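Visitor: Here is the input, now give the coordinates:
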Amino acid sequence: DDGDWDFGARLGVLYEPTPSTRVGLTWVSEAEYEFDVDGTVTIGPIGPIGPITHTFPLAAGITAPQQVMGSVYHRLNDRWAVMGNLGWQDWSEFAEATLETDNLGTVTSSMMLQDTWHAAFGVQYTLDEKTRLHGGVAFDTSMYEDQSQSSFTIPSGETWRFGAGMQVALSPQSDIGVAVEYVDSEENASPSALVSGSYVDPTMVFMSVHYSHRF
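Guide: As a prediction, the model looks like this:
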């Protein structure tokens with residue numbers, strides 16, 4: 001149980017070529033974290049000896065990937081608007097995990113990760129001056145090179161997302177909204193000798209309610 005601080009950057013630009021069209025580009029830098037790992041292990045052998053505790057001084061480092069996202073929004077008329085985005089995440093940098101011990105030196109393990117791509121398309125319908133409806137679909141590639149060599153703690157695969165929502169203006173300064181998203185992901189399995197298993201036909205449903213106020 002540990003925490004760490006790191007500095008990163010998030011840069012973006014938004015360009016409006018026409019009153020009905022906006023184009024954006026966002027870049028997020030990678031972040032490197034260093035953690036102190038609790039390496040205390042207690043073994044309770046059979047017999048009168050009782051439990052024996054060993055402590056292994058460990059430290060671990062991990063890198064969160066940088067990412068780039070481009071997006072476009074275009075209003076067709078007073079009712080309809082379309083939008084989409086295309087993104088990339090540098091997950092191959094996240095693949096290397098390093099452990100340092102006092103007596104074994106540095107050990108680096110690979111999770112067989114690869115860069116991922118994201119694409120999405122959505123529509124927006126203005127029902128009246130206060131209510132807007134949203135819907136969309138998105139696709140993400142898998143961060144694993146081989147779905148049979150995934151991590152048990154980070155199940156992931158090629159993923160389709162289908163979402164819909166509604167936003168209502170309560171006043172010129174405040175809005176409330178609801179949304180639901182259905183996620184259908186690719187099967188994956190972990191061959192680890194410690195904890196092995198598979199995720200078969202993984203699906204998830206997300207529901208959210210939000211409120212925003214502008215000052």
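Visitor: CA atoms for contacts and neighbours, from now on please.
Guide: OK.
Visitor: Next, the contact list for the nearest residue to residue 66 once chain neighbours are set aside, please.
Guide: Spatial nearest neighbour of residue 66, chain neighbours left out: residue 30 (4.1 Å); criterion: CA to CA, 6 or more residues apart in numbering. Residue 30 makes contact with 8, 63, 64, 65, 66, 67, according to CA atoms under 8 Å, 6 or more residues apart in numbering.
Visitor: Out of those residues, show me where the pLDDT dips lowest.
Guide: Taking pLDDT as the measure, the contacts of residue 30 have their low point at residue 63 (71).
Visitor: picking that back up, from the contacts of residue 30, which ones fall inside strands?
Guide: If you go by DSSP state E, these have 63, 64, 67 in strands.
Visitor: Strand partners (parallel or antiparallel) of the helix or strand harbouring residue 124?
Guide: Using DSSP states H and E, the secondary-structure element containing residue 124 is strand 116-126. Within its sheet, strand 116-126 is paired with strand 80-89 (antiparallel), strand 131-140 (antiparallel), according to DSSP bridges.
Visitor: can you list contacts of the first one?
Guide: Put plainly, it is strand 80-89. Residues outside strand 80-89 that contact it (CA under 8 Å, 6+ apart) are 65-76, 115-126.
Visitor: Let's see that with 6 Å instead.
Guide: Residues outside strand 80-89 that contact it (CA atoms under 6 Å, 6 or more residues apart in numbering) are 66-75, 115-125.
Visitor: Check the last one too.
Guide: Strand 131-140 is contacted from outside by 117-126, 158-168, using CA under 6 Å, 6+ apart.
Visitor: List the buried residues in whichever helix or strand comes after that strand.
Guide: Towards the C-terminus, the helix or strand next in line after strand 131-140, according to DSSP H and E, is strand 159-171. Across strand 159-171, burial judged by 16 or more other CA atoms under 10 Å covers 159, 160, 161, 162, 163, 164, 165, 166, 167, 168, 169.
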